[in-house]
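Engineer: From the sequence below, what's the structure:
(2 chains)
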Amino acid sequence: MRVRFAPSPTGQLHVGNARTALFNWFLARGRGGEFILRIEDTDVERSTIESEAAIVRDLRWLGLDWDEGPDIGGARGPYRQSERLHLYQSYAQELLTIGKAYRCFCTKEQLEARRAAAMDADGFAGYDGACRRLSVADVDTRLARGEKAAIRFRIPENRDVGFTDAVRGEVRFHTSVIGDPVIMRAEGVPAYNFAVVVDDALMGVTQVIRGEDHISNTPRQILLYEAMGFTPPAFAHLSLVMGPDHAPLSKRHGATSVAEFRTKGYLPEALVNYLALIGWSPRDATEVVDGASEQSELFPAHELARRFSLSAVTHSAGAFDEEKLAWANRHYLKIAEPARLAELSLPFFHNAGISIASAPEAMEFLASVIPIATSVVSRLDEVPSRLAFLFNYSVEQALEHDDLRHEMLADGPRAVAVALARELADEPRLDRERFRHVANRVKVATGQKGRALFHPIRVILTGRAEGPELDLAVPAIDRGADLAPGSGLPRITGCRERAADFSKALG
RNA sequence: GUCCCCAUCGUCCAGAGGCCUAGGACGUGGCCCUUUCAAGGCCAAAACCCGGGUUCGAAUCCCGGUGGGGACGCCA
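Structural biologist: Sure thing, here's the model as predicted:
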């Protein structure tokens, strides 16, 4: 089995296309097939090498890999259509020779005018066949005169073209609704419908899995396969991914590209898992035990691949639900390696204005505290604000908030601050256990308890009324104090100093 | 306009004629846990688009309607 993903490098990788790539990859990896990446850059105007690089980067980020592609080569290359022009030219010539294609001299303006008229008259919007029966002599003289001509494929008349779609079943079109498509533009560049067919045939693609928007191109392509003597591959058309309102997913709905989801702080495994859930369910009928079926929907990519099958893909379009993506992200955030999360969150800290040295001790410290944030947050971009108290600590700043100041200036909290400073003064390294011990002594010393005791302590240690769990914050701050000198971690202060500062500030 | 595809809780899926008093997940509401916010646990509300057939029996099959989407390009 050979499958492919064939994006055109005209922009960012869209999540809908990413899902198509994913389903192809699932199939290849789940059943030992080959996955090919091919770049369809025949639109010279819009294709850019930057887009190609971005698409490759995003596919890699998602964790996809391919067996053949423009960046790694392969036996059936090249894998960029712009580098295969001679192939299209020779096949087009062949079709011309055997009379299955013909030159078309119609201009864009003429075509548009006639199309509009025909659409009103009988609803047919395809090519009207004006150049279909030009004589050889005619064509030769016009060519000799220097007139530019495109090459069109002659769609056979009065035929049914059908195929068995792997997700939809039987699909049938009558050739009367298909106009002769351009296969080579006047400039000598192939048109999409022709290039895909030549490439898929030559590259030995056995299953074409693509978006539903291509379903009506399929009959043209099948006819092209036949005309050139190729055996058509199996086709599968995936329903499209829509926005929450079931209109086509667009910027107006928020993020639409893989790159945007990355910069919003989603983990690739979460996006992959979520995307797989649109239009497909990883549930396996064989796992139904005692009438209760498998409940989880969260699986690593290789497991999704193992379970994947085209026949289980839904026929209807699915709406993109960022809430559910966020849920998947929370899950993967919780099970990810802290060291990796520390690495991944670096740019988010940078954006938040918190610079963290790349020194190993700094990264080690970050890794040790990152679970404080990732255990409660939905995305990586929320991490810095959760952890800011470790880096940007200041008594003054904390007391600038009216509500906090009022609360801290009350007798109870003031007593807690003073007692905490005193207790901490003689305390060696703090960990959760020691902290509980200290808190207990503060409780005894002040007679405060519950919220009245812990709320002031939280404000002292985090400078905020809410936030990371104290159990985790305490040892984190304590470690930071030890690391601060020369570690490249700016302005980290230990518990002892914080308590003392507050005690002083509150009088 | 013509052709094609699709139609189960707000959303994503399960359901391939009786197992359905329609199941799961996200989200929502409530309760529990808890020194806060979360997380976690438990419970709840919530759907077969409409109309005709076929059948002893239809969410499941057929036809029509309606609704949504796609295509009709010298874009892909």
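
Engineer: Can you pull the poorly scored residue ranges out of chain A?
Structural biologist: Applying pLDDT under 70 to chain A picks out residues A:284-295, A:467-468, A:480-493.

Engineer: Let's check: the centremost residue of it is which one?
Structural biologist: Nearest to the geometric centre of chain A sits A:V258, at 3.1 Å (C-alpha atoms, centre = their mean).

Engineer: For RNA strand B, give me its nearest residue in the stretch 151-300 of chain A.
Structural biologist: Residue nearest to RNA strand B within the stretch 151-300 of chain A (C-beta to the nearest atom of the strand): A:S281, separated by 2.5 Å. In short, each C-beta sits where N, CA and C put it, glycine included.

Engineer: So for that residue, what's the nearest residue that isn't a sequence neighbour?
Structural biologist: Distances taken as C-beta to C-beta, 6 or more residues apart in numbering put A:A312 closest to A:S281, at 6.8 Å, once the chain neighbours are dropped.

Engineer: One more: A:A476?
Structural biologist: The spatially closest residue to A:A476, leaving aside those adjacent along the chain, is A:V369, at 4.2 Å (C-beta to C-beta, 6+ apart).

Engineer: so how far is A:R464 from that neighbour?
Structural biologist: Distance, A:V369 to A:R464, by C-beta to C-beta, to the nearest Å: 16 Å.

Engineer: What separation is there between the closest residue to RNA strand B within the stretch 101-250 of chain A and A:V177?
Structural biologist: For the stretch 101-250 of chain A and RNA strand B, the shortest gap (C-beta to the nearest atom of the strand) falls at A:G123, measuring 2.4 Å. In this view, A:G123 and A:V177 are 9 Å apart by C-beta to C-beta.

Engineer: Give the residue from the two that has the larger number of neighbours.
Structural biologist: Just comparing A:G123 and A:V177: by other C-beta atoms under 10 Å the higher neighbour count belongs to A:V177, 13 against 8.

Engineer: In contact with that one, which residues?
Structural biologist: Contact partners of A:V177, counting by C-beta atoms under 8 Å, 6 or more residues apart in numbering, are A:F124, A:G126.

Engineer: With the one 10 residues further on instead?
Structural biologist: For A:E187, the residues meeting the contact criterion (C-beta under 8 Å, 6+ apart) are A:K148.

Engineer: what do you get for A:R84?
Structural biologist: By C-beta under 8 Å, 6+ apart, A:R84 lies in contact with A:P78, A:A195, A:V198, A:D199.

Engineer: quick one: which of the residues you listed has the most company?
Structural biologist: The most crowded member of the contacts of A:R84, judged by other C-beta under 10 Å, is A:A195 (24 neighbours).

Engineer: Tell me the secondary structure at that one.
Structural biologist: Secondary structure state of A:A195, per DSSP: H, G, I helix; E, B strand; the rest coil, is helix.

Engineer: contacting residues for it?
Structural biologist: Contact analysis of A:A195 by C-beta under 8 Å, 6+ apart lists A:E40, A:T42, A:Q81, A:R84, A:Y88.

Engineer: about what we covered before: higher neighbour count, A:V369 and A:R464?
Structural biologist: Set A:V369 next to A:R464 and count neighbours by other C-beta under 10 Å: A:V369 wins out with 23 against 17.

Engineer: Next, the contact list for the more buried one, please.
Structural biologist: A:L387, A:L390, A:L472, A:A476, A:R479, A:G480.

Engineer: A:Y102 looks like it's in a strand, true?
Structural biologist: Yes - counting by three-state DSSP, A:Y102 is part of a strand.

Engineer: Tell me, how many residues neighbour it?
Structural biologist: For A:Y102, using other C-beta under 10 Å, the count is 20.

Engineer: ok, now which ones touch the residue nearest to the centre of chain A?
Structural biologist: Counted by C-beta under 8 Å, 6+ apart, A:V258 has contacts A:Q12, A:L13, A:H14, A:V15, A:A18, A:D58, A:W61, A:L62, A:L271.

Engineer: Near the third one, how many other residues are there?
Structural biologist: The tally of other residues near A:H14 (other C-beta under 10 Å) stands at 20.

Engineer: Just grab the bridge partners of it for me.
Structural biologist: Counting by DSSP bridges, A:H14 forms beta bridges with A:S257.

Engineer: from memory it sits against A:A259, does it?
Structural biologist: No - the criterion here is C-beta atoms under 8 Å, and A:H14 misses it with A:A259 at 10.0 Å.

Engineer: now what about the host helix or strand of A:R498, what contacts it?
Structural biologist: Element membership for A:R498, per DSSP states H and E: helix A:495-505. By C-beta under 8 Å, 6+ apart, the surrounding residues in contact with helix A:495-505 are A:393, A:395-396, A:399, A:408, A:417-418, A:420-422, A:424-425, A:427, A:430, A:459-461, A:474, A:477-478, A:481, A:493.

Engineer: try stretch A:60-70
Structural biologist: Outside stretch A:60-70, the residues that touch it by C-beta under 8 Å, 6+ apart are A:5, A:18, A:21-22, A:25, A:28, A:34-39, A:52, A:56, A:59, A:72, A:74-80, A:203, A:258, A:262, A:268-269, A:271-272, A:301.
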